[in-house]
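> Got a predicted model here, sequence first, then my questions.
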Amino acid sequence: DYGILFIAVSCVALFAFEMLTRRRMHLLQYGMVGLSMSVFYLVLLSLAEHSAFGGAFVAASLVTVAMNSLYVGAALGSKNKGLIMAGLLASLYGVLFAILRMEDIALLTGSALVLVMMGVLMYVTRKLPQD
């Protein structure tokens, strides 16, 4: 399921922000971001019962992106970090929507995405301090 993947990517983005800004986020703040992203699927399902899937997906994505980017920006005390988070999440939801529409190659595309993200994560964390 791509849900876990997208929650993990968001947490990795938060971790990267921590490393770049040297400002720590609390574990509860990570949990709040993950929980709000989980609610995306509930909102999507609720809206899709009453409207077309594409419109429901866009609406649920916009709400989730806005909520998380505002939260991260406030938590890190940086409007720019909130905007970066908004761009990252909007891109991720765009990729998710595209993958869901590629029925024949969804698994291949999703696997390639995971591979790329793991490579980026390995690159970003290659020089973590050895405390």
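Yes, it's here.

> so who does Leu14 touch?
25, 29-30, 33, 72 (Cβ atoms under 8 Å, 6 or more residues apart in numbering). The way it works is simple: take the backbone N, C-alpha and C, and place the C-beta from them, glycine included.

> Next: Leu113.
5, 95, 99.

> Now rank those residues by neighbours and give me the top one.
Neighbour counts for these, by other Cβ atoms under 10 Å, peak at Ile99, which reaches 18 neighbours.

> Leu96 is in contact with Phe6, isn't it?
Yes - using Cβ atoms under 8 Å, Leu96 is in contact with Phe6, at 6.4 Å.

> which residues touch the residue most central in space within the chain?
What sits nearest the mean C-alpha location of the chain, by Cα atoms, centre = their mean, is Ser10, with 3.7 Å. Residues counted as contacts of Ser10 (Cβ under 8 Å, 6+ apart) are 33-34, 37, 68, 88-89, 92.

> those helices in this protein, which residues are they?
Using DSSP state H, the helices of the chain run over residues 2-21, 27-48, 53-76, 79-101, 106-124.

> Ok, which of the ones you listed comes nearest Gln130?
helix 2-21 (14.3 Å; Cβ to Cβ).

> need the contacts of Ser10 in a markdown table with pLDDT, can you?
Output for the contacts of Ser10, formatted as a markdown table (pLDDT from 0 to 100):
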| residue | pLDDT |
| --- | --- |
| Val33 | 87 |
| Gly34 | 85 |
| Met37 | 84 |
| Asn68 | 91 |
| Leu88 | 86 |
| Leu89 | 87 |
| Leu92 | 83 |
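
> Pick out whichever of those sits closest to Arg126.
Leu88 (20.4 Å).

> what's the nearest residue to the closest one if we skip its chain neighbours?
Once flanking residues are discounted, Leu88 sits nearest to Ala13: 5.3 Å by Cβ to Cβ, 6 or more residues apart in numbering.

> In a markdown table, list the helices of the chain along with distance to Gln130.
Shown next, in a markdown table, are the helices of the chain (distance: least, Cβ to Cβ, whole Å):
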| stretch | distance to Gln130 |
| --- | --- |
| helix 2-21 | 14 |
| helix 27-48 | 21 |
| helix 53-76 | 25 |
| helix 79-101 | 26 |
| helix 106-124 | 16 |
